[in-house]
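Participant: sequence first, predicted model second:
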Amino acid sequence: SLPLTALEKPGPIENFKADLQGAGRAVATVNLYLAHLRHMVNWAIGRELLERSPFHKYGIRLLKGAAKRTRRLHPDEETRLLLGTEKLNNSRHWFQGTRMKDRTIGALDTGARRGELLLIQDKHVDWKNDPPRILLPGEHTKSGKDRFVPVGTTRLLEVLQRRRFLGPEAFVFGDEEGNYVEGFRTAWEALLA
């Protein structure tokens, strides 16, 4: 009910924040709403619909105490996931899952995103370094910057060595011949089933 320019002042946004808290919304939910609102205000400034952001000028802050998400697997979850790849290879989905164990190890041990992982070629593995390391070229990373990932586990080293014979242009986490694959969603869904 307020004009758009009301969002240039902190009052309406602080009231909105208080209303959300009063309605019993979780801290993370309130922060999500505020983050979306800040994005919309910045969008409006970029289109010259607003002149200033109260988030910057008056320092409207997100709430403290939001629970942090954990992005790590527990050891038993990792074990179950790897056992699932073995079962997938022995199931009717074997043609989709023959490489899932290697891809799962690659994802777990490098922390690379799916797209980054699938674009790793043998030429990106620095075998001269001890231990070897993997170059994730900037054109394949979200940040646009080159990143090196150390090969810190024996199981990842074994995957890389097993695929090395395919040649420098081969995709380490590609198909059996080292060709690029766009994804593995079907195999992943079968694994989780």
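Facilitator: Received, thanks.
Participant: just for this protein, where's the confidence low?
Facilitator: The chain contains residues with pLDDT under 70 at 57, 66-71, 89-98, 193.
Participant: from Lys145, how far off is the residue nearest to Ala112 when sequence neighbours are not counted?
Facilitator: Taking C-beta to C-beta, 6 or more residues apart in numbering, and ignoring the residues beside it in sequence, Ala112 has Leu136 as its nearest neighbour in space, at 6.3 Å. No exception for glycine: its C-beta is placed from N, CA and C like everyone else's. From Leu136 over to Lys145 the distance is 9 Å, taken as C-beta to C-beta, to the nearest Å.
Participant: the two: which has the busier surroundings?
Facilitator: Counting neighbours by other C-beta atoms under 10 Å for Leu136 and for Lys145 shows that Leu136 has the greater number, 22 against 9.
Participant: just the CA trace of the top helix by length along the chain, in PDB.
Facilitator: Longest helix in the chain by number of residues (criterion: DSSP state H): helix 27-46. Backbone C-alpha positions of helix 27-46 (Å, rounded to 0.1, in the frame of the first residue of the first chain) are rendered in PDB as follows:
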ATOM      1  CA  VAL A  27      15.400 -16.100  11.800                       C
ATOM      2  CA  ALA A  28      16.500 -17.800   8.500                       C
ATOM      3  CA  THR A  29      13.100 -17.000   6.900                       C
ATOM      4  CA  VAL A  30      13.200 -13.400   7.900                       C
ATOM      5  CA  ASN A  31      16.800 -13.100   6.500                       C
ATOM      6  CA  LEU A  32      15.700 -14.700   3.300                       C
ATOM      7  CA  TYR A  33      12.800 -12.100   2.900                       C
ATOM      8  CA  LEU A  34      15.200  -9.300   3.600                       C
ATOM      9  CA  ALA A  35      17.800 -10.600   1.100                       C
ATOM     10  CA  HIS A  36      15.100 -10.700  -1.600                       C
ATOM     11  CA  LEU A  37      13.900  -7.200  -0.700                       C
ATOM     12  CA  ARG A  38      17.400  -5.900  -0.800                       C
ATOM     13  CA  HIS A  39      17.800  -7.400  -4.300                       C
ATOM     14  CA  MET A  40      14.600  -5.900  -5.400                       C
ATOM     15  CA  VAL A  41      15.600  -2.400  -4.100                       C
ATOM     16  CA  ASN A  42      19.000  -2.700  -5.900                       C
ATOM     17  CA  TRP A  43      17.100  -3.800  -9.100                       C
ATOM     18  CA  ALA A  44      14.900  -0.700  -8.800                       C
ATOM     19  CA  ILE A  45      17.900   1.600  -8.300                       C
ATOM     20  CA  GLY A  46      19.500   0.100 -11.500                       C
END
